[in-house]
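Novice: I need the structure of the sequence given here:
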Amino acid sequence: MADTPPTRLPLEPPDNESANGTRPFEELRHLILAPEQEALERLHDRVASVESRTEDVSTVVAEAIQRRRDQGGDEDLSEALAPTIETALRESVRKDPTTLADALFPVMGPAIRRSILETLRSFLDSFNQIMDQSLSWQGLKWRLEGLRTGRSFTEVVLLHSLIFRVEQVFLIHKKTGLSLGHAAAPSVAMQDPSLVSGMLSAIQDFVRDSFDAAKGQGIERMNVGDLDVWVEEGPYAILATVIRGVAPRELRDRMAEVLENIHREYSAQLDRFNGDAAPFVHINKELSRCLELQYKNEEKKTGRGYVWAAGGLLVLLLGGWLCWREWQFHRWADVVEKLREQPGLVLSSLARERGRFVIRGMRDPLAVEPGQFVKAQGLDPGKAEFHWAPYYALDDTIVEQRAVQLLSPPAGVTLHVNDGVLQLEGRAPLPWLEDLRNRAVLVPGIRRVELSGPNSPEQIALNEAKNEIQSSIVKFPIASASLSSRERDVVKVVAAKLKDILAASGTAESALVINVNGHSDSTGAEATNRTLSQRRADRVAAELGQLGVASKNMKATGVATTDPLRPEDTEENRQYNRSVTFRISSLSP
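Specialist: Predicted coordinates for the structure are as follows:
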């Protein structure tokens with residue numbers, strides 16, 4: 001329903017008494033209702049003002065959130081505020097990531113350092129055990145055992161020096177068989193937690209169903225090759241550890257303690273678990289308490305063992321350095337051989353001087369840049385010195401690049417060099433071709449220029465003459481076959497070019513056909529126009545014969561209006577249709 005603006009009552013009593021004597025009633029009404037009306041007006045203005053409402057809400061928003069939390073609405077508040085907070089955090093990080101990094105630094109820094117230290121400590125423990133035995137008589141025996149059994153030396157050392165190690169810990173939801181958490185020792189090949197959880201749950205169910213086990217009873221221990229799997233069950237979850245070696249009873253107590261802590265801290269989440277493992281994202285820290293490791297306590301061997309170890313290590317380092325040095329030299333030698341195959345490069349020597357590779361030879365200015373080539377082969381050009389003497393290479397590839405650089409072919413023209421012979425691909429203008437013959441022989445490596453086909457200057461000249469003749473038009477007056485002096489000059493030019501074509505092309509006279517076509521405009525009868533156009537063609541052919549063009553090579557045809565040159569929409573266009581044109585049908589284009 002639309003809002004109806006309140007009726008404003010007069011704040012002052014009416015001055016004039018109404019005609020029916022209602023002034024006392026109006027005054028009474030004003031005295032009774034005016035205060036409430038003014039209060040409603042003020043309330044309406046406050047409610048309608050955005051600034052006033054914002055100020056009112058800002059004074060109670062904190063108390064409202066606190067009261068909602070006290071009423072047990074934490075989840076509703078989280079769902080309502082989470083998108084806004086996430087958007088604000090994302091925008092803050094996008095604008096200035098430094099603020100969030102500074103806030104997390106006191107927490108992330110110690111955690112990262114602790115993780116790195118724990119990993120390094122575990123690695124050093126294993127490394128010390130291996131180094132103690134690597135060069136001793138016992139170490140040689142273990143190496144032979146590794147070769148005999150197909151195991152690595154590290155595995156053999158662990159088998160002989162390790163009491164036990166918990167390699168992996170799995171937390172599995174008892175009802176669904178899904179993985180809730182997984183922790184693994186450093187340098188251990190990890191399996192898919194979901195796959196392991198599903199298989200273990202299936203085995204537990206199979207044992208219970210097959211042997212009619214009582215509720216709560218199941219597999220407590222399995223043996224898989226060199227590994228033992230210990231299982232500890234709780235009300236909602238199962239804890240499984242993968243152990244290498246012989247673990248003490250204390251590990252079972254530790255597993256029970258960890259499982260009890262998990263049930264105590266995550267009891268509600270375990271009870272409501274529906275496949276989403278997000279509430280258990282931090283549970284791996286508790287699982288890591290089961291990742292125990294214990295070696296055999298052996299007395300440290302002192303004396304000659306360390307001397308032999310140090311000597312052997314020195315020999316290994318020296319041998320490794322010599323092998324690496326020789327390998328580097330062979331790599332450079334391979335690259336030098338590839339450089340020899342590049343056009344424009346002539347390599348004379350490769351040597352090592354003052355710890356650097358020195359390459360000497362000759363290089364054409366257009367050859368590949370050796371430093372870039374070496375870098376493309378995966379070597380550092382800064383470790384080499386190049387000493388090149390300049391020279392002009394005669395390889396076709398280099399000569400072709402040189403020809404393109406010096407001759408500057410026009411667009412659409414490609415230069416090719418084959419055994420010192422320059423060839424063209426594409427059509428080139430006649431002035432550039434005439435200049436090419438003089439300039440090409442000055443390019444080092446080019447012995448001659450081969451111009452044939454459409455790029456032959458003679459053929460280009462013949463084509464240009466043909467085009468000029470075929471573009472010539474001899475015009476006639478209306479209803480006339482007489483030539484004016486101006487048109488006779490056009491015929492003379494055509495005759496001279498026809499004779500040049502006959503002389504230059506070497507074409508047999510009987511093979512040359514000059515079509516002299518007579519035209520007429522559309523005025524008049526068609527029969528009259530055809531006769532007139534034939535007379536015009538015969539007149540021009542006769543004129544050409546008098547100028548030295550053999551009549552047997554000419555064919556005069558009157559086409560009348562069947563082949564107009566222009567549409568007859570203007571007098572000028574009709575003038576072009578009263579004409580004679582030429583077509584040469586035997587000259588190759």
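Novice: Going by C-alpha atoms from here, please, whenever you check contacts or count neighbours.
Specialist: Noted.
Novice: Now do the regular element (helix or strand) spanning Gly371, average pLDDT.
Specialist: If you go by DSSP states H and E, Gly371 is part of helix 370-376. For helix 370-376, the mean pLDDT works out to 82.
Novice: So what touches it?
Specialist: Val335, Leu339, Asp380, Pro381 (Cα atoms under 8 Å, 6 or more residues apart in numbering).
Novice: which two in these are spaced the farthest apart?
Specialist: Longest distance between any two of the contacts of helix 370-376 is 15.1 Å, between Leu339 and Asp380; criterion Cα to Cα.
Novice: These two: who's more crowded?
Specialist: Taking other Cα atoms under 10 Å, Leu339 and Asp380 do not tie; Leu339 has more neighbours (18 against 12).
Novice: What residues does that one make contact with?
Specialist: Taking Cα under 8 Å, 6+ apart, we find Leu339 in contact with Leu345, Leu347, Pro370.
Novice: Quick check: of these, which has the highest neighbour count?
Specialist: Highest neighbour count within the contacts of Leu339: Leu345, with 25 neighbours (other Cα under 10 Å).
Novice: Tell me what that one is bridged to.
Specialist: Counting by DSSP bridges, Leu345 is bridged to Arg363.
Novice: Shouldn't His282 be within a helix?
Specialist: No. Assigned with DSSP: H, G, I helix; E, B strand; the rest coil, His282 falls outside any helix and is coil.
Novice: now it: how far from Glu79?
Specialist: Counting by Cα to Cα, to the nearest Å, the gap from His282 to Glu79 is 22 Å.
Novice: Over to Asn418?
Specialist: For Asn418, the distance to Glu79 - Cα to Cα - is 78 Å.
Novice: do the same with Ala403
Specialist: The separation that Ala403 has from Glu79, given Cα to Cα, amounts to 75 Å.
Novice: the more surrounded of these two?
Specialist: Ala403 (24 against 10).
Novice: Secondary structure element for the more buried one, which one?
Specialist: helix 396-407.
Novice: So for that helix, mean pLDDT?
Specialist: Mean predicted confidence for helix 396-407 is 83.
Novice: ok, now stretch 440-453?
Specialist: Mean pLDDT, stretch 440-453: 76.
Novice: just stretch 54-62 next, same as before
Specialist: Stretch 54-62 comes out at a mean pLDDT of 75.
Novice: How about stretch 189-207?
Specialist: Mean predicted lDDT for stretch 189-207 stands at 74.
Novice: Show me how the chain divides into domains.
Specialist: Using automatic domain parsing, the domain parsing of the chain gives 29-60, 140-295, 306-390, 396-455, 460-584.
Novice: starting at the chain centroid, how far to the longest one?
Specialist: Averaging C-alpha coordinates over domain 140-295 and over its chain gives two centres that are 43 Å apart (Cα atoms, centre = their mean, to the nearest Å).
Novice: could you pull out the strands for the stretch 51-200 of the chain?
Specialist: 162-173, 179-184 (DSSP state E, counting those that start in this stretch).
Novice: quick one: which of the ones you listed is nearest Ala247?
Specialist: Going by Cα to Cα, the one of those nearest Ala247 is strand 162-173, 5.4 Å.
Novice: Adjacent strands (with direction) for that closest one?
Specialist: Here strand 162-173 is paired, per DSSP bridges, with strand 179-184 (antiparallel), strand 237-245 (antiparallel), strand 293-295 (antiparallel).
Novice: Pretty sure Tyr236 sits against Arg272.
Specialist: No. Using Cα atoms under 8 Å as the test, Tyr236 is too far from Arg272 to be in contact (10.2 Å).
Novice: Of those two, which one has the most company?
Specialist: More neighbours surround Tyr236 than the other of Tyr236 and Arg272, with 19 against 9 (other Cα under 10 Å).
Novice: Please tell me I have it right and Trp445 contacts Thr397.
Specialist: One correction, residue 445 is Gly, not Trp. No. Applying Cα under 8 Å, one finds Gly445 not in contact with Thr397, separated by 10.4 Å.
Novice: between the two, which one's more packed in?
Specialist: Between Gly445 and Thr397, counted using other Cα under 10 Å, the more crowded position is Gly445 (23 against 18).
Novice: Quick check: the more buried one is in a helix.
Specialist: No. Gly445: not assigned to a helix; according to three-state DSSP it is coil.
Novice: For the stretch 251-400 of the chain, which segments count as helices?
Specialist: 267-271, 284-287, 304-340, 370-376, 396-407 (DSSP state H, counting those that start in this stretch).
Novice: Next, format the ones you listed as CSV and append distance to Leu140.
Specialist: CSV is the format used below for the helices of the stretch 251-400 of the chain (distance: least, Cα to Cα, whole Å):
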stretch, distance to Leu140
helix 267-271, 52
helix 284-287, 38
helix 304-340, 13
helix 370-376, 44
helix 396-407, 61
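Novice: For Pro431, which of those helices is the nearest?
Specialist: Nearest of the helices of the stretch 251-400 of the chain (Cα to Cα): helix 396-407, 13.0 Å.
Novice: who touches the residue nearest to Val166 when sequence neighbours are not counted in this structure?
Specialist: Among residues not flanking Val166 along the chain, Ile243 sits closest, at 4.4 Å (Cα to Cα, 6 or more residues apart in numbering). Residues near Ile243 by Cα under 8 Å, 6+ apart: Phe164, Arg165, Val166, Glu167, Gln168, Leu227, Asp228, Val229, Trp230.
Novice: at 10 Å instead, please
Specialist: With contacts defined as Cα atoms under 10 Å, 6 or more residues apart in numbering, Ile243 is in contact with 164-169, 223-224, 226-230, 291-293.
Novice: So which of those residues sits lowest on pLDDT?
Specialist: pLDDT is lowest at Asp226 among the contacts of Ile243; the value there is 73.
Novice: Run a quick neighbour tally on that one.
Specialist: 10.
Novice: Tell me if I'm right that it and Glu167 touch.
Specialist: No. Here Asp226 does not reach Glu167: they are 11.9 Å apart, not a contact under Cα atoms under 10 Å.
Novice: shared neighbours, those two?
Specialist: Ile243, Arg244.
Novice: Give me the buried positions along stretch 404-413.
Specialist: Pro409 (16 or more other Cα atoms under 10 Å).
Novice: Between the two ends of that stretch, what distance do you get?
Specialist: For stretch 404-413, the end-to-end distance is 10 Å (Cα to Cα).
Novice: cool, stretch 360-374 as well?
Specialist: Terminal residues of stretch 360-374 are spaced 14 Å apart (Cα to Cα).
Novice: what's the offset of it from the middle of its chain?
Specialist: That offset, for stretch 360-374, works out to 31 Å (Cα atoms, centre = their mean).
Novice: List the buried residues for it?
Specialist: Of all the residues in stretch 360-374, those buried under the rule 16+ other Cα under 10 Å are Arg360, Gly361, Met362, Arg363, Asp364, Leu366, Ala367, Val368, Pro370, Phe373, Val374.
Novice: again, but for stretch 221-240
Specialist: Leu227, Asp228, Val229, Trp230, Val231, Glu232, Glu233, Tyr236, Ala237, Ile238, Leu239, Ala240.
Novice: List the beta-bridge partners for the first one.
Specialist: The partner list for Leu227 in beta bridges (DSSP bridges) reads Val224, Arg244.
Novice: so what's it up against?
Specialist: By Cα under 10 Å, 6+ apart, the neighbours of Leu227 are Phe164, Arg165, Val166, Glu167, Thr241, Val242, Ile243, Arg244, Gly245, Val246.
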